[in-house]
Structures are given as C-alpha cells and as structure tokens.
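Peer 1: Below is the structure, and that's it, no one-letter string:
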C-alpha cells in the first residue's frame, strides 16, 4: 500500500518536493493557499546565474532536474550578463505556471488550490493530519512545510513599508500560515544589520508597454537594459534587500531591467514620481507589486530548525524546503531543497535511511553551510544564495563553482551521486 506525502505550499519548493516524492512512488497531495502555483516564482525568473549554473547541473546529474529542464525550455533569454552576474537564463513568467502545472498533473500529483492549512493534528511528536480553513481534514504519513517566510500583511506593515499588494495576495487568500509553527516548533527569524526583523524582496515589475520604445526594444532584444539614474534620484535601499547578490553599487546608480515577460526592475521599490522623471520612464507603470513605488513584500520571519536531511527538529515526520529551510534565497535553492525534502519524505515513509547531499557538491555545501551559519547571531543577519554574497564566495573558495557541464556531471558521478533522485 502506497504512502501519502502531504505538502503545504505550492511555490517552487513545494512543487519540487511534490515531483520528487511522486517519482519515488508516493501518493502526493499538495495544498496551495492561493489559486496559482509557483508563489514568488510567478514574478521571479532568474536562473543559472553564477553558482546556480553549477547547482542546476548537479541536480540534473543526480536525476532530480526535471523542473530545471522545463524551465530551460520556457526561457525568453539564455546566457544573459548583467552587473555581478554571468550566464543567466530568464524564464517566461507567463508560460511557466502552466508548464509546471501540466507536468504535475501528468505525474498524478493531487493539487488542491485555495487550501490554506490552519491546524496540525498531532500524536506525540508526529503529525497525523492537517486541517484547511474550510474544515477539511487531510491525513498523511509524512508532511513537508514549503509555506515560505514572507508576510503576512501585519509583518509587511510593521517591518516594511506596508502591504505592497504583491503576488502573495494575502488580502484575497489569507496570510501565510506555517505548518512548522502549527506543529509546535519554535521558528527562527532573519534580521537586518540594524537588528530589524526580516528583509525586503528585491525586485518589482514594470509593464513593458509603459516604457519608451527604445528601452522596451533593448530589453526584449537582449534580455537586459541598464539605464543610468541621475544622482539626485538615487534610492539607497541596498541593505534592506533579501537578495544581497544584487546589493552592488550598480543597482543604486542604474535602473537594471530584465525581460521575464514584464520588465523586471532590480530594486525592491522605486518611487513612481522619481521614476517618471527619468527619460524613457515618463509613463512607467508597475505590475507586481502594484505598490512598487512604495515597498515590497517582507520575508524571513519563519524558518524551521532542521538538519541536513531537511527534517524539522522536534517533529518525526515533518520536512521543510525553500525559505522555510533557512535564509536561502532563490528559485534554484528552493528547487534543490524541495527535491531533497521530497526524496527524504518518501524514504522515511518507506523505512529507508535518509540522504544528505555531499558537501563536495555546491548544493550540499549550500544546505549545510546555511544551517551552520544560522546558529550564530551574525549569521541570521545574512542572506545566502549560490549566485552571490557570502555563500557564492564560499563555494568559489572551495573550488565547487564550475560551468563546464561535463566536469560537473563527472564530479557527481565520482561521488556516487548519479541518479540518486531517480
């Protein structure tokens, strides 16, 4: 008789966990609070930049790269360079949700939309079932928390600039609820250098149609446009960004636009009145967050204590993935942790030994190093991504950063990790 894996949260991490567990033969139920999959991936789109190239190819070599292959097939641009970042791919935010949803349907994954988990029914240190807001009880053998760490609105108001009406859509579907917290586990919170909780999402979107034709054409043709900002109009918000890999001076001195379907402005917000004073932006209009002239979503308020198998400490049958697993930033990082959490949830359900990714891989080092760093007070003030900042620097220093696909796959093979997710 097959076992049932229940996943809370349908962002990149939750989708990756669902695919991974299903490919191990499990029955999988994915509960998504809103009416769309991918979460912040609905407005993201940057892949394979810097160390993310290495991690992507590692996971493909390990047999867990199905979502990356779908992403590669739905990119608007490949091998894009912009300040601080090389060999990036930009996926189409319009096509991606449908492509992922269809693949999950083909696998037989049961996705339940508008299913906000509000209660965990416990027996000793195990979850027996969860309940959604409409009173539905969903039993399972193993559970995965992929609910993220952003919002809800009161956190955006208290620690940010108020609700920015972002893709999380808390007013419509209710704020994020943490399965880990519902199970009685005390969570960790990220901080900024000044001690304030959380961090602000790092980009917002402009309608390309609202930009002057030369700017719009440049973005669509090359995937990127860098527009100098007059010094009098600079906005100094680099320190508050969750995505510290983009906290370079170039992002203060220029408007950096990426083509993901909309024009992705690599700033957490930019006052609309100022923006419209820059040539070519006289008619600029924000897409998501709609209040991108004022603020953005706030993140990193609820991270689970976990080990390197991604099992949540204190609950026998609960795993975590994505930002719930720590101060890991990015879609690639979410897919990797989701894939590992899905595998280990299936292995636990089948009575098998849980897996840890070797620290001789960039993916394994990212998972282990982030957990270690977050034990220190200063570590909770940093954000970790394999595309920049302290984690990418560490991966480079350890000799784990590689862009030669053959060498990456050979290293995985030599470590005995080929096809471990198959």
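Peer 2: Good, I have the coordinates. Only a predicted model underlies this, so the values are computations on that prediction, with no experimental measurement involved.

Peer 1: give the contact list for residue 116.
Peer 2: Residues in contact with residue 116, defined by CB atoms under 8 Å, 6 or more residues apart in numbering, are 31, 33, 132-133, 173-174, 177. For glycine as for every other residue, the C-beta is placed from the backbone atoms N, C-alpha and C.

Peer 1: now do residue 290
Peer 2: By CB under 8 Å, 6+ apart, the neighbours of residue 290 are 164-166.

Peer 1: Ok, residue 393 next?
Peer 2: Per CB under 8 Å, 6+ apart, neighbours of residue 393: none.

Peer 1: Correct me if wrong: residue 168 contacts residue 38.
Peer 2: No. Between residue 168 and residue 38 there is no contact under CB atoms under 8 Å: 11.7 Å.

Peer 1: which of those two has more neighbours?
Peer 2: Shown here are residue 168 and residue 38; by other CB atoms under 10 Å, residue 168 has more neighbours (30 against 23).

Peer 1: Over to the more buried one. Which of the three states is it?
Peer 2: Under DSSP: H, G, I helix; E, B strand; the rest coil, residue 168 falls in the coil class.

Peer 1: Pull up the per-residue confidence for it.
Peer 2: In this model, residue 168 is scored at 95, pLDDT.

Peer 1: List the contacts of it.
Peer 2: Residue 168 neighbours (CB under 8 Å, 6+ apart): 34, 39-40, 150-151, 176, 297.

Peer 1: which of these lies closest to residue 342?
Peer 2: residue 39 (16.4 Å; CB to CB).

Peer 1: Tell me which residues touch that closest one, please.
Peer 2: 9-12, 14, 148, 167-168.

Peer 1: quick one: it from residue 157, how far?
Peer 2: Residue 39 sits 21 Å away from residue 157, going by CB to CB, to the nearest Å.

Peer 1: now the closest residue to residue 209 other than its chain neighbours, what's its secondary structure?
Peer 2: Nearest residue to residue 209 in three dimensions, chain neighbours excluded: residue 216, at 7.3 Å (CB to CB, 6 or more residues apart in numbering). At residue 216, secondary structure determined by three-state DSSP is helix.

Peer 1: okay, residue 216: pLDDT?
Peer 2: As predicted, residue 216 sits at a pLDDT of 97.

Peer 1: And residue 194, by the same measure?
Peer 2: pLDDT at residue 194 comes out at 82.

Peer 1: same thing with the one 4 residues further on?
Peer 2: According to the model's per-residue confidence, residue 198 sits at a pLDDT of 91.

Peer 1: neighbours around residue 378, how many?
Peer 2: Considering only other CB under 10 Å, residue 378 is surrounded by 9 other residues.

Peer 1: for residue 249, that is, sorry about that
Peer 2: When counting by other CB under 10 Å, one arrives at 10 neighbours for residue 249.

Peer 1: Next: residue 89.
Peer 2: Counted with other CB under 10 Å, residue 89 comes out at 23.

Peer 1: who touches it in this structure?
Peer 2: 46-49, 71-72, 75, 77-80.

Peer 1: Of those, which is the nearest to residue 186?
Peer 2: residue 46 (32.7 Å).

Peer 1: Just grab the bridge partners of the closest residue to the closest one other than its chain neighbours for me.
Peer 2: Sequence neighbours aside, residue 88 is the residue nearest to residue 46 in space, at 5.8 Å (criterion: CB to CB, 6+ apart). According to DSSP bridges, the residues that bridge with residue 88 are residue 80.

Peer 1: so residue 88 makes contact with residue 82?
Peer 2: Yes. With contact defined as CB under 8 Å, residue 88 counts as touching residue 82 (7.0 Å).

Peer 1: which of the contacts of residue 89 count as buried?
Peer 2: 46-49, 71-72, 75, 77, 80 (16 or more other CB atoms under 10 Å).

Peer 1: Just to be sure, residue 334 is in a helix?
Peer 2: Yes. Read with three-state DSSP, residue 334 is one of the residues of a helix.

Peer 1: Now do it against residue 39, distance only.
Peer 2: With CB to CB as the criterion, residue 334 and residue 39 are 9 Å apart.

Peer 1: ok, the contacts of residue 116 vs residue 304, which is closest?
Peer 2: Nearest to residue 304 among the contacts of residue 116 is residue 177, at 13.6 Å by CB to CB.

Peer 1: Identify the residues contacting the closest one.
Peer 2: Residue 177 neighbours (CB under 8 Å, 6+ apart): 33, 116-118, 147.

Peer 1: re earlier: export the contacts of residue 290 as a markdown table, with columns for neighbour count and distance to residue 346.
Peer 2: What follows is the contacts of residue 290, written out as a markdown table (neighbours: other CB atoms under 10 Å; distance: CB to CB, whole Å):
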| residue | neighbour count | distance to residue 346 |
| --- | --- | --- |
| 164 | 27 | 37 |
| 165 | 21 | 38 |
| 166 | 24 | 33 |
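
Peer 1: Of those residues, which is the nearest to residue 354?
Peer 2: Of these, the one sitting nearest to residue 354 (CB to CB) turns out to be residue 166, at 34.9 Å.
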